[in-house]
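Participant: structural data only, the sequence is not supplied:
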């Protein structure tokens, strides 16, 4: 590890020389500046670990140097010890308020100076370690974000006579929400939105597990019970998807106490029906003639909490120009700067009378949410899936 570098800022050569002599045996490298302006230049050029700063100097005094240093995010963590003959209480308080680590009056006791320097350098070292750790954590979260994005569909299926669109906005680097839409082996469409409990990395890991289980159980026969060979009805397939996913999470990861709300449905593209299960999710909205014609309340509990839980499967007709909107609670639970919730009613009002394509509807909801949230911080993931029958 290189020796610490200390910048001495004083317009009196004698003072600079004296401080350099005091630091000769401390294994520190020293550089110097004779006024505040030169000090700021040296900070940028030399990246010191500590600054010993006089107050009364030409061109720019020490207080102004402190203001500039603490206003610059790149250098504000460099500790500054003020060493000044200007030692009245008002000046001491001002120096500390402006961000100085310590304030020593001239003449100073060398032993005390050495102690303050050692303490300040140790604090700087710990801050540097913390900064490196945070940067490493940011890199890991960025990698996690990119990996998780791979578990969301890169593009949605294109099906003649149907429109599919989605909106997803994570509240953090990684998310617990997810959506998916894909074609089944029989050519029909499965759509899902989900919200894993909790937030952060744990929820993100389980999000990938939920999504993967749903995909593999829906598209293959690998996890069917031994001896089952008959073709499934939509209700049987969906029941298998939800039950297997639920039991796997509840039994294999019971100690994690993780679960997800899910809405999952199979669209029969020829018959014009939707076979669905709503597992503790927000009520999807069925739009018909620009109005909310129906809501789809839960048909069972959340997925992953109770082994052998029962999930009812229901079916509704999907008519021409019907549009289904499924979403997670991140939409109604969004808040604005006045701490008001967006709520389901605002969503319904935003959709009322809107004879739109699936993509246009998603854009409208996104715009309404951004306008409502404004400068407030998004605290929950937002997910929406829209499917419209055009023919």
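Facilitator: Nice, thanks for sending it over. Everything numeric here is computed off the predicted structure, so don't read it as measured data.

Participant: ok, the residue nearest to residue 161 when sequence neighbours are not counted - contacts?
Facilitator: Excluding the flanking residues, the one nearest residue 161 by Cβ to Cβ, 6 or more residues apart in numbering is residue 391, at 3.7 Å. Every C-beta, even on glycine, is put in place using the N, C-alpha and C of the backbone. When contacts are counted by Cβ atoms under 8 Å, 6 or more residues apart in numbering, residue 391 touches 160-161, 320.

Participant: can you check residue 28 too?
Facilitator: By Cβ under 8 Å, 6+ apart, the contact list for residue 28 reads 3-6, 117.

Participant: please pick the buried ones from the residues you listed.
Facilitator: The neighbour count (16 or more other Cβ atoms under 10 Å) marks 4, 6, 117 as buried among the contacts of residue 28.

Participant: adding secondary structure, write those residues out as JSON lines.
Facilitator: Formatted as JSON lines, the buried ones among the contacts of residue 28 follow (DSSP: H, G, I helix; E, B strand; the rest coil):
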{"residue": "4", "secondary structure": "coil"}
{"residue": "6", "secondary structure": "strand"}
{"residue": "117", "secondary structure": "helix"}
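
Participant: look up how far residue 330 lies from residue 169.
Facilitator: 8 Å (Cβ to Cβ, to the nearest Å).

Participant: need the residues touching each of those two.
Facilitator: Contacts common to residue 169 and residue 330, judged by Cβ under 8 Å, 6+ apart, are 381-383.

Participant: show me which of these are buried.
Facilitator: 381-383.

Participant: out of those, list just those in strands.
Facilitator: 382-383 (DSSP state E).

Participant: surely residue 273 and residue 314 touch.
Facilitator: No. With contact defined as Cβ atoms under 8 Å, residue 273 does not count as touching residue 314 (10.5 Å).

Participant: lowest-pLDDT helix or strand in the protein?
Facilitator: helix 110-149 (a mean of 80; mean pLDDT, DSSP states H and E).

Participant: quick one: distance of that helix to the chain centre.
Facilitator: Put simply, helix 110-149 sits 21 Å off its chain's centre (Cα atoms, centre = their mean, to the nearest Å).

Participant: do stretch 292-312 as well
Facilitator: With Cα atoms, centre = their mean, you get 28 Å for stretch 292-312.

Participant: tell me the mean pLDDT for that stretch?
Facilitator: If you average the pLDDT over stretch 292-312, you get 95.

Participant: which stretches in this protein count as helices?
Facilitator: For the chain, helices defined by DSSP state H occupy the ranges 13-22, 36-46, 62-71, 89-97, 110-149, 201-219, 234-252, 343-351, 358-373.

Participant: turn those into TSV, columns for distance to residue 191.
Facilitator: Shown next, in TSV, are the helices of the chain (distance: least, Cβ to Cβ, whole Å):
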stretch	distance to residue 191
helix 13-22	71
helix 36-46	55
helix 62-71	51
helix 89-97	58
helix 110-149	19
helix 201-219	11
helix 234-252	11
helix 343-351	18
helix 358-373	11
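
Participant: coming back round to it: of the buried ones among the shared contacts of residue 169 and residue 330, which is the nearest to residue 137?
Facilitator: Nearest to residue 137 out of these is residue 381 (Cβ to Cβ; 20.0 Å).

Participant: can you tell me which residue is nearest the centre of the chain?
Facilitator: residue 172 (0.8 Å; Cα atoms, centre = their mean).

Participant: that one contacts residue 198, doesn't it?
Facilitator: No. Using Cβ under 8 Å, residue 172 is not in contact with residue 198, being 11.5 Å away.

Participant: state the distance from residue 46 to residue 33.
Facilitator: From residue 46 over to residue 33 (counting by Cβ to Cβ), the distance is 9 Å.

Participant: quick revisit: okay, residue 169 and residue 330: which has more neighbours?
Facilitator: In this view residue 169 and residue 330 are compared by other Cβ atoms under 10 Å, and residue 330 has more residues nearby, 25 against 18.

Participant: and the closest residue to residue 286 other than its chain neighbours, what does it touch?
Facilitator: Nearest residue to residue 286 in three dimensions, chain neighbours excluded: residue 294, at 4.3 Å (Cβ to Cβ, 6+ apart). When the contact criterion is Cβ under 8 Å, 6+ apart, the partners of residue 294 are 285-286, 288, 316.

Participant: now residue 294: how far from residue 204?
Facilitator: 33 Å.

Participant: with residue 27 instead?
Facilitator: 45 Å.

Participant: quick one, which of these two is more surrounded?
Facilitator: Set residue 27 next to residue 204 and count neighbours by other Cβ under 10 Å: residue 204 wins out with 26 against 8.

Participant: quick check, that one in contact with residue 177.
Facilitator: No. Counting by Cβ under 8 Å, residue 204 does not reach residue 177; the two are 9.6 Å apart.

Participant: common neighbours of the two, please.
Facilitator: residue 196.

Participant: for residue 85, which residues are in contact?
Facilitator: 56, 105-106.

Participant: mind checking which of those are buried?
Facilitator: Among those, none counts as buried (16+ other Cβ under 10 Å).

Participant: and those residues as JSON lines, adding pLDDT and distance to residue 361?
Facilitator: JSON lines is the format used below for these (pLDDT from 0 to 100; distance: Cβ to Cβ, whole Å):
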{"residue": "56", "pLDDT": "89", "distance to residue 361": "67"}
{"residue": "105", "pLDDT": "84", "distance to residue 361": "70"}
{"residue": "106", "pLDDT": "84", "distance to residue 361": "72"}
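
Participant: out of the residues you listed, flag the one nearest to residue 153.
Facilitator: residue 56 (65.9 Å).

Participant: quick one: contacts for the closest one?
Facilitator: Counting by Cβ under 8 Å, 6+ apart, residue 56 makes contact with 11, 62, 84-86.

Participant: can you rerun that using 7 Å?
Facilitator: 84, 86 (Cβ atoms under 7 Å, 6 or more residues apart in numbering).

Participant: check residue 285 too.
Facilitator: Neighbours of residue 285 in contact, by Cβ under 7 Å, 6+ apart: 292, 295, 325, 348, 351.
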